[in-house]
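got a predicted structure here, sequence first:
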Amino acid sequence: MQNNETIKTLLIVDDSRVSRMMIRLLVLAKHPQWHIFESISGDEALLAVDRNVPDYCTMDINMPGLNGIDAAALLLGKYPSIRVAILTANVQEANQNRAITLGARFVPKPVTEKTVGKILEFFNGEK
């Protein structure tokens, strides 16, 4: 990390506490200055974003209430500058296609250093 790195904000949306913790740890290992906040559902994420618009968002799909792909669509409709990565075990082709259509990056779970690395590359503007 460079000392002049711009501080970014990341919203982690996942109903799994372990997944949220792993994503947080792996991101902070690369970007310790980033501000990270969490939501456990799509509904909660939309409320959180209205209070604090993040630069980036990781979004699970299968969660209670509003699912992640629908939450991502609403989020991007209102805040198109947010870079969203769909990080999920639900790898159905329809979900992958919808993520691509939304302009999000689709990354299959599990949460590992490699999968979070792919997400960070996407957040940094790489295809």
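Structure received.

make it CA atoms for all contacts and neighbour counts henceforth
OK.

which residues in this protein form strands?
Ranges of strands in the chain, per DSSP state E, are 9-13, 35-39, 56-59, 83-88, 105-108.

arrange those in CSV, one row each, with mean pLDDT as further columns.
Shown next, in CSV, are the strands of the chain (pLDDT from 0 to 100):
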stretch, mean pLDDT
strand 9-13, 98
strand 35-39, 97
strand 56-59, 98
strand 83-88, 97
strand 105-108, 96
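
need those strands in JSON lines with mean neighbour count and distance to residue 73, can you?
Shown next, in JSON lines, are the strands of the chain (neighbours: other CA atoms under 10 Å; distance: least, CA to CA, whole Å):
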{"stretch": "strand 9-13", "mean neighbour count": "24", "distance to residue 73": "14"}
{"stretch": "strand 35-39", "mean neighbour count": "18", "distance to residue 73": "16"}
{"stretch": "strand 56-59", "mean neighbour count": "26", "distance to residue 73": "11"}
{"stretch": "strand 83-88", "mean neighbour count": "25", "distance to residue 73": "10"}
{"stretch": "strand 105-108", "mean neighbour count": "20", "distance to residue 73": "13"}
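
distance to residue 28 added to those strands, as TSV?
Formatted as TSV, the strands of the chain follow (distance: least, CA to CA, whole Å):
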stretch	distance to residue 28
strand 9-13	10
strand 35-39	9
strand 56-59	14
strand 83-88	17
strand 105-108	19
